[in-house]
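>>> Pasted the sequence and its predicted model underneath.
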Amino acid sequence: MSLDQAEPAAPPSAGPAPRKAGRRDGGATGLLGRSRRSGRWWTPWLFLAPALLLFLYFKFIPMANALTMSFQEVQPYLGNKWVGTENYATVLQSHGFREAAWHTVVLAAGQTAGSMALGLALALLMEGQSRRLKFVRSAAFLPVVVPIAVVAELWRIMYHPTGDGMLNSLLGLVGMGPSGFINDPDTSMASIMLTGIWRGAPYDMMIILAGLTSVDRGLYEAAKVDGASRRQRVWHVTVPGLRSVFSILFILAAIRGLRVFTEVFLLTNGGPDGSTEVVMTLIYKLGLEQNRLGVGAAGAVLLFVATLLLTVVVQLLRRRESK
Amino acid sequence: MQRSRWIGAGVLASTLVLTSCSSGPAGVDAKQNPKAPLELWTRTTPGGPGEQGALKLATAFEKATGYKVEVTAIFDDFETKLQQRAAQKNLPDIVMNDVTQLGAMHSQGLLREIDLDKIKDSEQIIGQGLDSGKTVDGKQYGLPYSAQASALLIRKDWRQKLKLDVPQNWDDFAAMAKAFTTQDPDGDGKKNTAGLAAPLSTKRGYASWYFSNFLWAAGGDFITEAGKGTYKPAVTTKASVEAMQWFRDLGCKAKAIQPGAVTMDTPPTNETFEAGRTGMFVVGPYLLPRFDETLGKDKYEVVPMPKGPKDATVLAEGGSVYLMAGSENRAGQDAFAGFAVSAEGQKTAMAGDTGYIVQLPVNKTVDISQVRPDPRWKTYAQAYQDSGRYAPSIPNWTPVRQATADTVNALMADCGLDTEAKLGELDKQLADILKEQGIAAS
């Protein structure tokens, strides 16, 4: 544990120190040296300009539009009407919004935890340099590259709710089922979660595999010499060594989980009985099916704020922990 | 450096706000150009027979009038893509879409009012169809080019094998659905069939769409007119509750609706019928070419819907031509609408065994039995004429359909729910929707 904490803390303390020193005693010579190194201040901005322009027109302006729309009743050909915070009130009071928000949190948490746990298990099983492992790893990674529409259709077939459905036949072998899966309000959320974990775990696996290469082998040997069992080595060496990887994965997976849409839309469209309604499907219904774009935009802004808050909180926690 | 950053951020934020605030009713008074080609969007599968039908109609129109038309077929998320174009203030000139989209598009100002005096042959349009294109204030914003109503498709071979008669009332209907589910009508020795195919997903409000055939035949309603253009919710009336309970029993007690119906929209539901997993399907005539090809014309029959507790009312629908706002060629828009409803346009759009876009003609002078001698089409035409009923013209029908679809879906998915309590909740929701649209009865 102490080793693990000491290592990441070392570079930041060593890193900025020489730069600060350079600035203090640099004077005119320092500035000249810097301008020679990096050119004029606007040079990097010039290189960034094409990308920034594209971002401006295809990302930031639409985002600003969405923000404005969230305060308007949107009628493109009649002229938008300013309605203040009415759209936000409608979203927050709309039937099932709270339920949808809760479902989103449950789904995001379940998929994040499930994908990371399964991804870690897969990564530990498939760590190594063997050629066969490379093949198996590629095979395991396939769910990530398969289009989500195909994944949804595949799982819809597997979830067929009668005894002759694929998963139900397996359940039948062990004397269980048949389950309604996505067609039963009691099991629909778990079924969607399972599909998400199946798709997300290989992605997490690849990142964890990359992270595993940075774990010091010497620590394993030291732990072994100290008599640590395999499980103890994983728990006390591997898991702490992957802390930063987990934190990145957590942010990525949580954002992915909060914005979950396609698999829910294709598998259940929020049903049955609203049991899998998530914020994104609700926004879609309010904004695009009922043509209330202002209300939909308000929902989207709320989701953006929630995602932003989550990211900032996790970053702050990380920073506090690394201190 | 810090200061310049703040200045930069301020300039960027101001630009964004100014850019995003610049929305106004641009495009309404577009400069006219009678030679501008007309962009036409039709809600049908790209590359499918529907697109071929639209192209055929467009070509005939170009030949007859000299205007140019560019056809675009879109099926998935048609309304979403239209919204995107609306946001860009660059709508297509003409949209051919469901009649029920009228309120949603009109309330957003996407449509131009149609002056019937400028539409050639408008007096030949059947009254019921013409009314479906009127908004609640009686103004014409849509012009029907195709009509349809629901009828009952039955697996003829299954019915004959089980020695059942064509159902005449709801008891017969339920008995046949149950027999198809339990008596192995396909003779493969497995319990793998269901009586009724039903798309009960909430997507696009399908569950509400389908259930309306049963609700109206029972004398129930989603909303009912309360005079002076106002409406009140009607899902808790005795007839509505009984219709829901009867339909629910088909799924929950008799298990006679296909498994997984509550998450199925139309494509997978159609597949259950053509794959021999379901034996009855209440649907419009647009699926006949598909089922003729995949299932075989001899395997199924088309009969009128059996009479419910009140009558045999079925859902009437169809497609309308919508003239979109902001077009630079209004004369061309009017000409296309006129051609689509003319006898020539209707016959062109009805021709062929698959690539037709007019199901039942809306022009009084066109006789379906002459264009399509197949008696099944006569059955549909009769159902439309005698028992067809369109969704009411309110400012926006979509929220009503969505809310009712959610409830029907819930009641069919969870057999433990209390029907009356759930319909009571829906009643309140509908009251709010009507109030929001300014048509609630006080």
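That came through fine.

>>> Just the pLDDT at the most centrally placed residue in chain B, thanks.
The centre of chain B sits closest to residue B:98, judged by CA atoms, centre = their mean, with a distance of 5.0 Å. pLDDT for residue B:98: 89.

>>> Same question for the one 10 residues further on.
At residue B:108 the predicted local distance difference test score is 81.

>>> just residue B:358 next, same as before
Looking at residue B:358, the pLDDT reads 93.

>>> number of nearby residues for residue 238?
Answering for chain A, as no chain was given. 20 (other CB atoms under 10 Å in any protein chain shown). Backbone N, C-alpha and C define where each C-beta goes, glycine included.

>>> wait, chain B
Considering only other CB under 10 Å, residue B:238 is surrounded by 10 other residues.

>>> quick one on the thing from earlier: the residue nearest to the centre of chain B contacts residue B:322, doesn't it?
No: using CB atoms under 8 Å, residue B:98 makes no contact with residue B:322, being 10.2 Å away.

>>> sorry, back to before: contacting residues around the residue nearest to the centre of chain B?
Neighbouring residues of residue B:98 by CB atoms under 8 Å, 6 or more residues apart in numbering or on different chains: B:43, B:317, B:318, B:319, B:320.

>>> and stretch B:345-365, which residues are buried?
Across stretch B:345-365, burial judged by 16 or more other CB atoms under 10 Å in any protein chain shown covers B:345-351, B:355-363.

>>> try stretch B:274-285
B:274, B:276, B:277, B:278, B:279, B:280, B:281, B:282, B:283, B:284, B:285.

>>> Confirm residue A:119 sits in a helix?
Yes: using DSSP: H, G, I helix; E, B strand; the rest coil, the assignment for residue A:119 is a helix.

>>> how many other residues sit next to it?
Using other CB under 10 Å, residue A:119 has 25 other residues around it.

>>> Not counting its neighbours along the chain, what's nearest it?
Distances taken as CB to CB, 6 or more residues apart in numbering or on different chains place residue A:204 nearest to residue A:119, at 2.8 Å, with adjacent residues excluded.

>>> Could you check how far the one you found is from residue B:152?
51 Å (CB to CB, to the nearest Å).

>>> same deal with residue B:393?
In terms of CB to CB, residue B:393 sits 27 Å off from residue B:152.

>>> dump the residue contacts of residue B:135.
So residue B:135 contacts B:102, B:103, B:106, B:141, B:393, B:395 (CB under 8 Å, 6+ apart).

>>> I'd like those laid out as a markdown table, including neighbour count and distance to chain A.
Listed next are the contacts of residue B:135 as a markdown table, based on neighbours: other CB atoms under 10 Å in any protein chain shown; distance: CB to the nearest CB, whole Å:
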| residue | neighbour count | distance to chain A |
| --- | --- | --- |
| B:102 | 25 | 12 |
| B:103 | 25 | 9 |
| B:106 | 21 | 10 |
| B:141 | 21 | 13 |
| B:393 | 22 | 16 |
| B:395 | 19 | 11 |
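
>>> So for those residues, which is the shakiest by pLDDT?
Within the contacts of residue B:135, lowest confidence goes to residue B:393 (82).

>>> you'd agree that one is up against residue B:106?
No: contact criterion CB under 8 Å: residue B:393 and residue B:106 do not qualify, at 9.8 Å.

>>> so residue B:42 sits in a strand?
Yes: counting by three-state DSSP, residue B:42 falls inside a strand.

>>> what comes into contact with the helix or strand residue A:132 falls within?
Per DSSP states H and E, residue A:132 falls inside helix A:131-145. Contact partners of helix A:131-145, identified using CB under 8 Å, 6+ apart, comprise A:122, A:126-127, A:151, A:198-203, A:205-206, A:209.

>>> and the two most separated of those?
Pairwise distances across the contacts of helix A:131-145 (CB to CB) peak at 26.1 Å, for the pair A:127 and A:151.

>>> Which one of the two is surrounded by more residues?
Neighbours per residue, other CB under 10 Å: of residue A:127 and residue A:151, the larger number sits with residue A:151, 20 against 16.

>>> how about the residue lying closest to that one once chain neighbours are set aside, what does it touch?
Leaving out its chain neighbours, the residue that sits closest to residue A:151 by CB to CB, 6+ apart is residue A:199, at 5.8 Å. Residues near residue A:199 by CB under 8 Å, 6+ apart: A:143, A:144, A:148, A:151, A:263.

>>> and what of residue B:283?
When contacts are counted by CB under 8 Å, 6+ apart, residue B:283 touches B:150, B:151, B:153.

>>> Serialize those to TSV and add fields for neighbour count, secondary structure and distance to residue A:169.
Shown next, in TSV, are these (neighbours: other CB atoms under 10 Å in any protein chain shown; DSSP: H, G, I helix; E, B strand; the rest coil; distance: CB to CB, whole Å):
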residue	neighbour count	secondary structure	distance to residue A:169
B:150	26	coil	36
B:151	25	strand	37
B:153	24	strand	30
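
>>> Tell me the one of these nearest residue B:245?
Distance to residue B:245, by CB to CB, is smallest for residue B:150 among the contacts of residue B:283, at 21.0 Å.

>>> how far away is that closest one from chain A?
22 Å (CB to the nearest CB, to the nearest Å).

>>> Would you agree that residue is in contact with residue B:383?
Yes: the pair residue B:150 / residue B:383 is scored as a contact, 7.0 Å apart, by CB under 8 Å.

>>> Give me the common contacts of those two.
In contact with both residue B:150 and residue B:383: B:305, B:314, using CB under 8 Å, 6+ apart.

>>> ok, residues contacting stretch A:76-92?
Contacts of stretch A:76-92 (CB under 8 Å, 6+ apart): A:69-75, A:97, A:286, A:292, A:294-295, A:297-299, A:302, B:23-25, B:27-28, B:86-87, B:89, B:91, B:108-110, B:325-326.

>>> Which members of those are classed as buried?
A:69-75, A:97, A:286, A:292, A:294-295, A:297-299, A:302, B:23, B:25, B:27, B:86, B:89, B:91, B:108-110, B:325-326.

>>> Sort out for me which of those are in strands.
Counted as lying in strands by DSSP state E, out of the buried ones among the contacts of stretch A:76-92, are A:72, A:73.

>>> Residue A:204 and residue B:152: which has the busier surroundings?
Between residue A:204 and residue B:152, counting by other CB under 10 Å, residue A:204 is the more crowded of the two (27 against 23).

>>> check contacts around the more buried one.
Taking CB under 8 Å, 6+ apart as the test, what residue A:204 contacts is A:115, A:116, A:118, A:119, A:120, A:123, A:249, A:253.

>>> Also residue B:149?
With CB under 8 Å, 6+ apart, residue B:149 has these contacts: B:284, B:314, B:315, B:316, B:317, B:360, B:380, B:383, B:384, B:387, B:388.

>>> Give me the neighbour count for the closest residue to residue A:291 other than its chain neighbours.
Excluding the flanking residues, the one nearest residue A:291 by CB to CB, 6+ apart is residue B:104, at 4.7 Å. Neighbour count for residue B:104, taken as other CB under 10 Å: 24.

>>> Where does residue B:104 fall, secondary structure wise?
Element membership for residue B:104, per DSSP H and E: helix B:102-107.

>>> what packs against that helix?
strand B:314-323 (3 or more CB pairs under 8 Å, 6 or more residues apart in numbering or on different chains; DSSP states H and E).

>>> average model confidence for the strand it packs on?
pLDDT averaged over strand B:314-323 gives 94.

>>> Output the contacting helices and strands for the next helix or strand after that strand.
Beyond strand B:314-323 in the direction of the C-terminus, DSSP H and E gives the next helix or strand as helix B:330-341. Counting contacts by 3+ CB pairs under 8 Å, 6+ apart, helix B:330-341 packs against strand B:38-43, helix B:49-65, strand B:94-98, strand B:143-149, strand B:314-323, helix B:343-350.

>>> Next, the angle from helix B:330-341 to strand B:314-323.
150 degrees (axes from the mean of the first three to the mean of the last three CA atoms, to 10 degrees).

>>> quick check: angle from helix B:330-341 to helix B:343-350?
Counting by the same axes, to 10 degrees, helix B:330-341 lies at 70 degrees to helix B:343-350.

>>> Pull out the buried positions in helix B:330-341.
Neighbour counts using 16+ other CB under 10 Å place B:330, B:331, B:332, B:333, B:334, B:335, B:336, B:337, B:338, B:339, B:340, B:341 of helix B:330-341 among the buried residues.
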